[in-house]
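J.: Turn this into a structure:
(chains A and B)
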Amino acid sequence: MGSTGAGFGFEVRARLGAGAGRTGVIVTPHGRIATPAFVPVGTAAAVKGATPEQMAALGAQALLANAYHLYLRPGADVVEQAGGLGAFMNWAGPTFTDSGGFQVLSLGAGFKKVLAMDTAGLADDQVIAKRSERLAAVDEDGVTFRSHLDGSRHRFTPEVSMGVQHRLGADIIFAFDECTTLMNTRSYQERSVARTQAWAERCLAEHARLTESRAGLPYQALFGVVQGAQFEDLRRGAARGLVRLAAGGREFDGYGIGGALVKENLAAIVGWVCAELPWAKPRHLLGISEVDDLFAAVAAGADTFDCVAPSRLARHGGVYSADGRYNVTRARFARDFGPLDADCDCQTCAGYSRAYVHHLLRSRELLGYTLATIHNERFTVRLVDSMRAAIESGGAAGFDRLRDRFLSRYFGP
RNA sequence: GGCGGGUUGCCCGAGAGGCCAAUGGGAUCUGACUGUAAAUCAGACGCGGAAUCGCUACGGGAGUUCGAAUCUCUCACCCGCCA
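T.: Numbers count the residues shown, from 1 in each chain, chains lettered A, B, ... in the order given. A predicted model of the protein is given here:
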């Protein structure tokens, strides 16, 4: 076990052929995570619509929350006083917190959902939110946010993010990074990667200091975050830069891969980055969960994933099935009394029909969100679990067989 | 029986002579969603396969006017208040 801190470690179990993919086990003070693994997102210390008991029952091994959101509400001190994130939300297993780096994007250049909307026909400067409208402004030292809740001003720096995440007490925390968009220019990406690197160094130093001063508390693992958009040299350079860092006698316990990616180059990006990262440390791919992306990323060497898509889609009627994703609120499902996915083993599919979930979601009955969320989270967790099983029992051939069979059915002929 | 108010597209409801096929909601239909400002957002929504075109339409009918959902008369129905 390549342990980097008391109570935390990672061990590779099986390699995916001669490639970068592998299975393994992450050990945290709150339990183990068999990888590859999908980690459902509960931004505000809750997976929207589902209880921790339901998340455990559907096989979630860990949950990921957000430092920025919890800092604003209820406040890191409240979570700390509750005994940490897991205790606060009644989740006994491992937890992650994101640093707030994503909010640099979502409240900054990507504000008002412009990046998520169909941007066809819009000029680049229309796609990136106007500076005057943004709620986040980046500078070399950190980010100034205006709260989306009440407009109040807040300052996040690497040190602040570390302080917040230490008080939240998740098992795995992320360095404060700047998440950019594909719309940013090459020269901006270069400056941003340099800034994220500088912030990573400060995070590591502050993390070392806080870990020291908070002796006796469960160890928190710190992951550096690799940025660099779609540029190979920037991605590789960013990864190398983080690997080289050491401060206060510490290095990163693992690495996150974040930022601007499009499907077409996701596998390449993860591959470049993983080629530069130490084999013995876990790699978390931030914010990814579409089925083809998961297959590609696992093959390219990512160990864990988190994403809001399963729960968000569920609330909006989007349902995963072995035969592809569909919208259960469509009229044709009003009298479809079969399960959401005939191949699914989740609690929802065991007893509830498409017609019922269709009705609940259209009626905005809260149970509808819960049932659909349980299904989508189970679908995604189980998919990644099945990749792990395929690698461990069938090696590269087993993984390829699973991928080909799954994707051809999912995307249809 | 008297007086007053009302009838608008699937529903609710604006509109008070041309800029009205008719504001807004809702419903309906479809789509989007990848480290959650997301139980959100976008488009469609009288008919003609689409239209800068035509047709039908603002309770029914008849009028006034170059022109009516908007004005007049009348009929029908609904709601108040007084008998």
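J.: Find the closest residue to RNA strand B in the stretch 201-350 of chain A.
T.: residue A:287 (2.3 Å; C-beta to the nearest atom of the strand). C-beta: built from backbone N, CA, C; applies to glycine.
J.: Could I get the contacting residues of that residue?
T.: When contacts are counted by C-beta atoms under 8 Å, 6 or more residues apart in numbering, residue A:287 touches A:102, A:258, A:306, A:307, A:308.
J.: Was I right to think the second one contacts residue A:105?
T.: No. Because the distance of 9.4 Å does not satisfy C-beta atoms under 8 Å, residue A:258 is recorded as not touching residue A:105.
J.: of those two, who's got more company?
T.: residue A:258 (27 against 23; other C-beta atoms under 10 Å).
J.: For that one, which non-adjacent residue is spatially closest?
T.: Among residues not flanking residue A:258 along the chain, residue A:286 sits closest, at 4.2 Å (C-beta to C-beta, 6 or more residues apart in numbering).
J.: Surely that neighbour touches residue A:96?
T.: No. Using C-beta under 8 Å as the test, residue A:286 is too far from residue A:96 to be in contact (9.9 Å).
J.: where do the contact lists of these two overlap?
T.: A:174, A:306.
J.: okay, the contacts of residue A:287 in CSV with secondary structure, distance to residue A:182 and pLDDT next?
T.: Formatted as CSV, the contacts of residue A:287 follow (DSSP: H, G, I helix; E, B strand; the rest coil; distance: C-beta to C-beta, whole Å; pLDDT from 0 to 100):
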residue, secondary structure, distance to residue A:182, pLDDT
A:102, helix, 15, 94
A:258, coil, 13, 96
A:306, strand, 21, 98
A:307, strand, 18, 98
A:308, coil, 19, 98
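J.: Let me know the secondary structure of residue A:339.
T.: coil (DSSP: H, G, I helix; E, B strand; the rest coil).
J.: List the buried residues of stretch A:313-322.
T.: Going by neighbour count (16 or more other C-beta atoms under 10 Å), the buried part of stretch A:313-322 is A:313, A:314, A:315, A:317, A:318, A:319, A:320, A:321.
J.: For the second one, give me the pLDDT.
T.: According to the prediction, residue A:314 has pLDDT 98.
J.: With the fifth one instead?
T.: Per-residue confidence for residue A:318 comes out at a pLDDT of 98.
J.: what's across from it in the sheet?
T.: Beta-bridge pairing of residue A:318 under DSSP bridges involves residue A:327.
J.: tell me the domain boundaries of chain A?
T.: With domains defined by automatic domain parsing, chain A comprises A:2-307, A:318-411.
J.: among those, which is the most enclosed?
T.: Mean neighbour count, computed with mean count of other C-beta atoms under 10 Å, is highest for domain A:2-307 among the domains of chain A, reaching a mean of 20.
J.: What are the neighbouring residues in contact with the closest residue to residue A:317 other than its chain neighbours?
T.: Counting by C-beta to C-beta, 6+ apart, residue A:317 lies nearest to residue A:329, which is 3.7 Å off, once chain neighbours are set aside. Counting by C-beta under 8 Å, 6+ apart, residue A:329 touches A:317, A:358, A:361, A:362.
J.: What segments of the stretch 51-200 of chain A are helices?
T.: Secondary structure of the stretch 51-200 of chain A, counting by DSSP state H, counting those that start in this stretch: helices at A:52-57, A:67-72, A:76-81, A:85-89, A:101-104, A:124-127, A:158-168, A:186-213.
J.: Reformat these as JSON lines; add distance to RNA strand B.
T.: Shown next, in JSON lines, are the helices of the stretch 51-200 of chain A (distance: least, C-beta to the nearest atom of the strand, whole Å):
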{"stretch": "helix A:52-57", "distance to RNA strand B": "11"}
{"stretch": "helix A:67-72", "distance to RNA strand B": "7"}
{"stretch": "helix A:76-81", "distance to RNA strand B": "15"}
{"stretch": "helix A:85-89", "distance to RNA strand B": "13"}
{"stretch": "helix A:101-104", "distance to RNA strand B": "4"}
{"stretch": "helix A:124-127", "distance to RNA strand B": "13"}
{"stretch": "helix A:158-168", "distance to RNA strand B": "10"}
{"stretch": "helix A:186-213", "distance to RNA strand B": "9"}
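J.: Of those, which is nearest residue A:277?
T.: helix A:186-213 (13.4 Å; C-beta to C-beta).
J.: The closest one: what's the following helix or strand?
T.: strand A:221-226 (DSSP states H and E).
J.: Given that next one, what are its sheet partners and their directions?
T.: As assigned by DSSP bridges, strand A:221-226 forms pairs with strand A:172-174 (parallel), strand A:254-257 (parallel).
J.: longest helix of chain A?
T.: The residue-count maximum for a helix in chain A (DSSP state H) belongs to helix A:366-411.
J.: any idea of the mean pLDDT in that helix?
T.: Average pLDDT, helix A:366-411: 98.
J.: Ok, stretch A:93-100 next?
T.: Averaged across stretch A:93-100, the pLDDT comes to 98.
J.: what's the span of it, first residue to last?
T.: Counting by C-alpha to C-alpha, to the nearest Å, you get 22 Å between the two ends of stretch A:93-100.
J.: Now residue A:402. Nearest residue, chain neighbours left out?
T.: Excluding its sequence neighbours, the residue lying closest to residue A:402 (C-beta to C-beta, 6+ apart) is residue A:390, at 4.2 Å.
J.: ugh, wrong one, residue A:186
T.: Using C-beta to C-beta, 6+ apart, the closest residue to residue A:186 is residue A:231 (6.8 Å).
J.: now that we're looking at the one you found, how far away is residue A:260 from it?
T.: Between residue A:231 and residue A:260 the computed distance is 10 Å (C-beta to C-beta, to the nearest Å).
J.: what's the answer for residue A:252, then?
T.: Taking C-beta to C-beta, one finds residue A:252 at 21 Å from residue A:260.
J.: Repeat that for residue A:157.
T.: Distance of residue A:157 to residue A:260, computed by C-beta to C-beta: 23 Å.
J.: Okay, now the unreliable bits of the stretch 101-250 of chain A?
T.: Within the stretch 101-250 of chain A, the stretches with pLDDT under 70 are A:113-126, A:247-248.
J.: so which of the contacts of residue A:329 are also by RNA strand B?
T.: Filtering these for proximity to RNA strand B by C-beta under 7 Å from any atom of the strand leaves A:317, A:362.
J.: Could you list which of the contacts of residue A:329 belong to helices?
T.: Counting by DSSP H, those contribute A:358, A:361, A:362 to helices.
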